[in-house]
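[1] got a sequence here, can you model it:
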Amino acid sequence: MALVVSHVLSPVALATLLLLSTPLRRAQVIWSDALVAALFTTIIPWLVLLAAKLRGMVTDMHVTQRRQRHRLYALTAGSILGGLLLLQVMNAGAAMFREVLAILLGLLVVSVVNLWWKVSVHLSVGTYVALQAADGMGGYMPVVVAGIAVLSWARIRSGEHTASQVCGGVLVGVAIHYASNLLGTVLN
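    Predicted coordinates for the structure are as follows:
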């Protein structure tokens with residue numbers, strides 16, 4: 001069951017859902033902007049990961065071997081930057097830039113932390129997505145906490161992370177959520 005939860009709540013799935021739901025949460029964001037953001041932020045990097053897995057360059061789709069992550073992080077950052085450039089050309093709104101920039105910031109933070117320590121990317125992304133989705137809806141905070149708890153259990157139970165690595169991921173997700181809110185004040 002823990003592996004099923006880990007796969008269903010994978011970083012790619014959650015971040016893609018967050019980006020694609022942005023027009024539902026922010027009226028000023030149009031669907032084409034959300035599609036471009038998802039394509040360059042999650043879908044192209046996932047396809048690169050799939051190709052790396054098929055070529056034997058990574059051991060698994062969750063890239064559990066820390067030493068295998070950095071090249072993929074760099075390629076993902078390049079794809080995100082390309083997407084940001086295209087969003088600029090498309091004259092996308094600030095809310096879409098905020099989501100993509102926050103995800104890029106999260107990727108950079110996790111990349112740096114992973115030089116020394118294996119932090120849970122699942123929990124970094126899962127926490128960020130849950131907080132962003134519930135932003136401004138305080139009544140949903142118990143659901144957010146329960147979702148984070150279930151994902152934490154899954155990552156520990158599956159043997160992919162220790163409790164401290166999961167907590168580290170949660171802290172990164174919370175920090176990126178607050179950084180995203182700060183970006184919102186700067187970009188508007």
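
[2] element containing the spatially most central residue of the chain?
    The centre of the chain sits closest to residue 125, judged by CA atoms, centre = their mean, with a distance of 3.8 Å. Using DSSP states H and E, residue 125 falls within helix 121-133.

[3] got the contact list for that helix?
    Residues outside helix 121-133 that contact it (CB atoms under 8 Å, 6 or more residues apart in numbering) are 6, 9-11, 14-15, 17-18, 21, 25, 62, 99, 102-103, 106, 109-110, 140, 144, 147-148, 151-152, 154-155, 160-161, 166, 168-170, 172-174, 176-177, 180. C-betas here are computed from N, CA, C, even on glycine.

[4] what do you get for stretch 45-58?
    Stretch 45-58 has contacts (CB under 8 Å, 6+ apart) with 12, 60, 61, 63, 65, 68, 72, 75, 76, 79, 80.

[5] check the gap between the fourth one and residue 118 for me.
    If you measure residue 63 against residue 118 using CB to CB, to the nearest Å, the figure is 11 Å.

[6] next, count neighbours for the closest residue to residue 32 other than its chain neighbours.
    Distances taken as CB to CB, 6 or more residues apart in numbering place residue 90 nearest to residue 32, at 7.1 Å, with adjacent residues excluded. Counted with other CB atoms under 10 Å, residues neighbouring residue 90 total 13.

[7] burial of the closest residue to residue 77 other than its chain neighbours, as a residue count?
    Distances taken as CB to CB, 6+ apart put residue 107 closest to residue 77, at 6.0 Å, once the chain neighbours are dropped. Neighbour count of residue 107, defined by other CB under 10 Å: 23.

[8] what's the mean pLDDT across the helix or strand encompassing residue 5?
    Element membership for residue 5 (DSSP H and E) is helix 2-8. Mean per-residue pLDDT for helix 2-8: 89.

[9] after it, which helix or strand is next?
    Using DSSP H and E, the helix or strand that follows helix 2-8 towards the C-terminus is helix 11-20.

[10] and the angle from that following helix to helix 121-133?
    Going by axes from the mean of the first three to the mean of the last three CA atoms, to 10 degrees, helix 11-20 is angled at 20 degrees with respect to helix 121-133.

[11] quick check: what element follows helix 11-20 along the chain?
    The first helix or strand that comes after helix 11-20 along the chain, using DSSP H and E, is helix 22-25.
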